[in-house]
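1. Below is the sequence, then the predicted model.
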Amino acid sequence: MQRSFCCWVNRDPAGKTEMDHVVSEGNVTVHQDPANKDDLGTDIAGHRVEMQAFREGNKLVVKGIPKTDKTPDSWGVVAL
């Protein structure tokens, strides 16, 4: 299975770096630890995961594994 990963990063004149847009394809798994001890972490699994950052919040698209036969595609998973 082929895998790919692309990440667009913004850097302001003061040197602050932030992720703008990420696309990963091919048996993708993502884990993010909680921001603090009272929060839950995040686990994501799917065939394709795309995240784009906006000032108002992030847009996340998770797609399941595509099938080659006529059965429905499987679901991607996001666990918070």
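-> Nice, thanks for sending it over.
2. From here on, just use CA atoms for contacts and neighbour counts.
-> Fine.
3. Do a quick rundown of the strands in this structure.
-> 4-11, 17-32, 42-54, 57-63, 77-79 (DSSP state E).
4. looking at those, which is buried most?
-> strand 42-54 (a mean of 17; mean count of other CA atoms under 10 Å).
5. In terms of mean pLDDT, which of the strands of the chain ranks lowest?
-> Here the lowest mean pLDDT among these goes to strand 77-79, at a mean of 62.
6. Columns distance to K70 on top of the strands of the chain, output as TSV?
-> Conversion of the strands of the chain to TSV gives the following (distance: least, CA to CA, whole Å):
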stretch	distance to K70
strand 4-11	26
strand 17-32	20
strand 42-54	18
strand 57-63	17
strand 77-79	21
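7. who's in contact with the residue nearest the centre of the chain?
-> To find the centre residue of the chain, average its C-alpha atoms and take the closest one (CA atoms, centre = their mean): that gives V49, at 4.2 Å. The contact partners of V49, by CA atoms under 8 Å, 6 or more residues apart in numbering, come to 22-25, 28, 60-63.
8. beta partners of it?
-> Beta bridges link V49 to S24, V62, judged by DSSP bridges.
9. for T17, same thing?
-> Beta bridges link T17 to R11 when assigned by DSSP bridges.
10. gap between it and R11?
-> As for T17, its distance to R11 is 4 Å (criterion: CA to CA, to the nearest Å).
11. And for F54?
-> Taking CA to CA as the measure, F54 and R11 are separated by 15 Å.
12. cool, L40 as well?
-> As it turns out, when the distance is counted by CA to CA, L40 lies 29 Å from R11.
13. swap in Q32?
-> Between Q32 and R11 the computed distance is 22 Å (CA to CA).
14. Brilliant, that's me finished.
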